[in-house]
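[1] Next one to model:
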Amino acid sequence: MAGFMKVATYLVSALLGGLLLGIVLGLVGGMIMVGVLALTMLARRDWVPVIYNVRSLGVRRWTTTVTALGLALVVFVFTTVLMLATGVHETLKATGRAENAKVIRKGSQNEVQSGVQPEHLRLLSSEPEVATNQEGKPFASPELVVIIFAERQNAKDDTDGTNLNVRGVGPLGLELHPPKSLEGRMFKPGTSEIVIGKKLAGRFKGMTLGDSVHFARRDWTVVGIMDQGGSAYDSEVWGDVDQFMDAFARRPAFSSVTLRLKDKDAVAALKARVENDPMLSTLEVQSEIDYWAAQSEATATFVNVVGLFVAFIFSFGAVLGAMITMYAQVAARTREIGTLRALGFRRRAVLVSFVAESVLLALVAGAVGCAGASLMSMASFTTMNFQTFSEMSFKFHMSPAVVVASFVFAVVMGFAGGLLPAMRAARMPIVRATRGG
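    Residues are numbered from 1 along each chain as shown. The predicted structure follows:
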């Protein structure tokens, strides 16, 4: 039975894969065909005026509006998904600074999995690429990152919560990651004081200014709420690295070391120096921007796969709606098609005209969908970072690449919905068309 199910699964997968491949190849072939015909018509100047298609859409307002709204809804979903994935990427990318380098253990995917020894910190601090502050101290910050479970503010029981990142930093760490603004004050080294990111404030028990929260067998007092400019740090809890190492029993290893470099282009030189040093060869050096950009890959990929799958499922319905509308347009305009042919317009001119009409409708829908999705930029979203399995807040991000991709998606839907009806219109005999069918 198990063997039969496996064979059946393979057959279904092959059929679905073949069907999808056939659809893609058909669309690509159709686009090439229509594109060649359109270029030929432009060269010979025998195309149907575009104003004809615009007026045709305006005359049939009800069907045009319903179809456009269906297409716009799909474009809205598609654009929102891309904004979601882009928001994850931009939030984590914004966490890094071009002049900083992140050092973790080689083979580790993130700071939580990493371990850097105190001897490594001493050697890294003495590297010539590392900058110094006004007091002559090297800009090297050992950091400890641990995951804790936090209960939500209105939790019904002690299981209603999520994972949060707790980051221990030293005095120089605050200079390497300065907050954009701070409500209250920064924690004092050597005390059980913490500051929290603004995205955590009021959402979890104890996460309010002046309140206390319990983790790692100790009560911690919230003395500040920091704004890190929309970066991943806005979803973290910060405290003194030495206090956290004692509370979490993590001595002697840190999670990572952050370095400020004399030149932002010195990362490659530092990386080569570390790789060639037997005492440091177990470590990996990355620019801080590259490190945080890599942290977004798993989450962004998950959002893209799930969201785009939903969008493509919706797109089949939208394409079907556009196709039905265009078939209805062809049936209602049989005499018009006959008249166009009688006036001397060739079959290819009619074909390209109806495809252009469908694409034009899709472009309008794309603009409406993108405009609606742009409003999502004002909203924030909370999800799990699949690299660290901790919660992260971010905003939807509209970028030029997202807009271009959304309009391309709209054009493809319009083309797919209009191609078959356009072919039917082009094949219609002149005599039968002028008689109304």
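[2] all contacts plus neighbour counts: C-alpha atoms, from now on.
    Will do.
[3] Which pLDDT value belongs to the residue most central in space within the chain?
    Against the mean C-alpha coordinate of the chain, by C-alpha atoms, centre = their mean, the closest residue is residue 85 at 1.1 Å. Residue 85 carries a pLDDT value of 82.
[4] do residue 421 as well
    Value listed for residue 421 in the pLDDT field: 82.
[5] Please apply the same query to residue 267.
    At residue 267, the predicted lDDT confidence score is 90.
[6] What of residue 9?
    58.
[7] Tell me which helix or strand residue 315 sits in.
    Per DSSP states H and E: residue 315 is located in helix 297-332.
[8] and the angle for the helix or strand that contains the residue nearest to the centre of the chain with helix 297-332?
    Secondary-structure element containing residue 85, defined by DSSP H and E: helix 61-93. Taking axes from the mean of the first three to the mean of the last three C-alpha atoms, to 10 degrees, one finds that helix 61-93 is oriented at 170 degrees with respect to helix 297-332.
[9] Just list what helix 61-93 packs against, helices and strands only.
    Helix 61-93 sits against helix 288-295, helix 297-332, helix 347-374, strand 390-395, helix 400-427, with contacts defined as 3 or more C-alpha pairs under 8 Å, 6 or more residues apart in numbering; DSSP states H and E.
[10] can you pull the contacts of the closest residue to the residue nearest to the centre of the chain other than its chain neighbours?
    By the measure of C-alpha to C-alpha, 6 or more residues apart in numbering, the closest residue to residue 85 outside its immediate chain neighbours is residue 300, 4.6 Å from it. Taking C-alpha atoms under 8 Å, 6 or more residues apart in numbering as the criterion, residue 300 is in contact with 84-86, 88-89.
[11] pLDDT value on residue 300, please?
    Per-residue confidence for residue 300 comes out at a pLDDT of 74.
[12] can you tell me how far it sits from residue 90?
    When C-alpha to C-alpha, to the nearest Å is applied, the distance between residue 300 and residue 90 equals 10 Å.
[13] likewise residue 246?
    In this structure, residue 246 and residue 90 are separated by 34 Å, where distance is defined by C-alpha to C-alpha.
[14] Kindly report the same for residue 401.
    Applying C-alpha to C-alpha to residue 401 and residue 90 gives a distance of 13 Å.
[15] Go through stretch 153-160 and flag the buried ones.
    Residues of stretch 153-160 classed as buried under the neighbour-count rule (16 or more other C-alpha atoms under 10 Å) do not occur.
[16] Adjust the sequence numbering to begin at 476 for everything that follows.
    New numbering, starting at 476: the last item is stretch 628-635.
[17] what's the first-to-last distance across that stretch?
    Span of stretch 628-635 from end to end, C-alpha to C-alpha: 9 Å.
[18] Do you have the helices of the stretch 476-625 of the chain handy? List them.
    With helices called from DSSP state H, counting those that start in this stretch, the stretch 476-625 of the chain shows them at 477-519, 525-534, 536-568, 593-600.
[19] Kindly list the longest strand within this structure.
    Counting residues, the longest strand in the chain under DSSP state E turns out to be strand 615-626.
[20] Mind giving me the packing neighbours of that one?
    Counting contacts by 3+ C-alpha pairs under 8 Å, 6+ apart, the secondary-structure elements packed against strand 615-626 are helix 593-600, strand 636-644, helix 646-651, helix 716-722, strand 731-735.
[21] can you do 6 Å?
    Other elements packing on strand 615-626 under the criterion 3 or more C-alpha pairs under 6 Å, 6 or more residues apart in numbering; DSSP states H and E are strand 636-644, strand 731-735.
[22] Residue 876 and residue 565: which has the busier surroundings?
    In this comparison of residue 876 against residue 565, neighbours counted by other C-alpha atoms under 10 Å, the higher total goes to residue 565 at 21 against 11.
[23] measure residue 558 to residue 547 for me?
    Note on residue 558: its distance to residue 547, by C-alpha to C-alpha, is 16 Å.
[24] so what's residue 698 up against?
    With contact set as C-alpha atoms under 6 Å, 6 or more residues apart in numbering, residue 698 has these partners: 659-660, 670, 684-685.
[25] nearest to residue 594, of those residues?
    The closest of those to residue 594 turns out to be residue 670 (C-alpha to C-alpha; 28.5 Å).
[26] Understood, closing this out.
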